[in-house]
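*Asks:* build the 3D model from these lines:
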Amino acid sequence: MITQLNECIKRDLRFPDSTDIQQRGIADKLEGACNEIIRANFANVTPPRSRRSIEDINVEGAYIDHKSSDAALDFKMPNMISIDRLRKLDRELIYNFIIYDSNQKTIIDTFALNVYELNWDHLKIQNLGKGQLQITNMAEFLKNPRTTMTREEWRARLQQEAVKFYEKLLKKTAKNIELWR
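*Replies:* As a prediction, this is how the structure comes out:
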């Protein structure tokens with residue numbers, strides 16, 4: 001499915017009319033266009049389960065989450081998914097990356113990766129909620145987005161990083177408690 005997703009998005013996605021809209025508006029139009037392309041190219045497509053769902057669209061039982069990035073903007077650290085939600089993931093999660101340039105009004109690249117294909121060299125767990133998986137630097141990530149790890153190795157790394165994150169959070173929380181005593 002990832003191969004077909006890559007092919008149809010690359011073939012059919014066009015930069016939208018961006019007259020009088022901000023960066024997030026361009027991203028919304030691109031992501032909406034991706035949903036339309038997916039609906040036209042796949043048979044079993046359903047909308048997201050809710051406004052707070054991890055997916056933008058469901059395809060053949062897999063979650064598809066669009067991640068757009070404007071190359072015209074400086075440093076970006078996009079949030080991917082709560083590590084708690086990732087731990088409980090009940091089906092495939094595919095990220096559809098859309099890299100565009102709002103100044104040049106062009107789409108630079110699109111590609112899709114399963115969450116377990118994301119390169120850990122560019123990931124970190126940040127302190128948002130129960131912990132948020134985040135790309136540390138989008139420009140660097142784009143140079144080498146795919147891991148060489150197996151799914152099992154990737155999940156083991158996630159577990160290791162989650163434990164380190166929570167241990168660090170415990171120490172930080174203990175310090176903050178002492179400030180209030």
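*Asks:* point out where this protein drops to low pLDDT.
*Replies:* For the chain, the stretches with pLDDT under 70 are 23.
*Asks:* the helices in it, which residues?
*Replies:* Taking DSSP state H as the criterion, the chain carries its helices at 2-12, 23-41, 83-87, 138-143, 151-180.
*Asks:* reformat the ones you listed as JSON lines; add mean neighbour count and distance to residue 54.
*Replies:* (Glycine included, C-beta is placed from N, CA and C.) Formatted as JSON lines, the helices of the chain follow (neighbours: other CB atoms under 10 Å; distance: least, CB to CB, whole Å):
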{"stretch": "helix 2-12", "mean neighbour count": "15", "distance to residue 54": "17"}
{"stretch": "helix 23-41", "mean neighbour count": "17", "distance to residue 54": "14"}
{"stretch": "helix 83-87", "mean neighbour count": "17", "distance to residue 54": "6"}
{"stretch": "helix 138-143", "mean neighbour count": "16", "distance to residue 54": "19"}
{"stretch": "helix 151-180", "mean neighbour count": "12", "distance to residue 54": "15"}
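*Asks:* and the ones you listed: which comes nearest residue 101?
*Replies:* Residue 101 sits nearest to helix 23-41 of all the helices of the chain, at 10.1 Å, using CB to CB.
*Asks:* angle of the closest one against helix 2-12?
*Replies:* 120 degrees (axes from the mean of the first three to the mean of the last three CA atoms, to 10 degrees).
*Asks:* and helix 23-41, what does it pack onto?
*Replies:* helix 2-12, strand 57-59, strand 62-70, strand 93-101 (3 or more CB pairs under 8 Å, 6 or more residues apart in numbering; DSSP states H and E).
*Asks:* between the ones you listed, which one is nearest to residue 134?
*Replies:* That would be strand 62-70 among the helices and strands packed on helix 23-41, by CB to CB, at 11.4 Å.
*Asks:* which positions in that closest one come out as buried?
*Replies:* 62-70 (16 or more other CB atoms under 10 Å).
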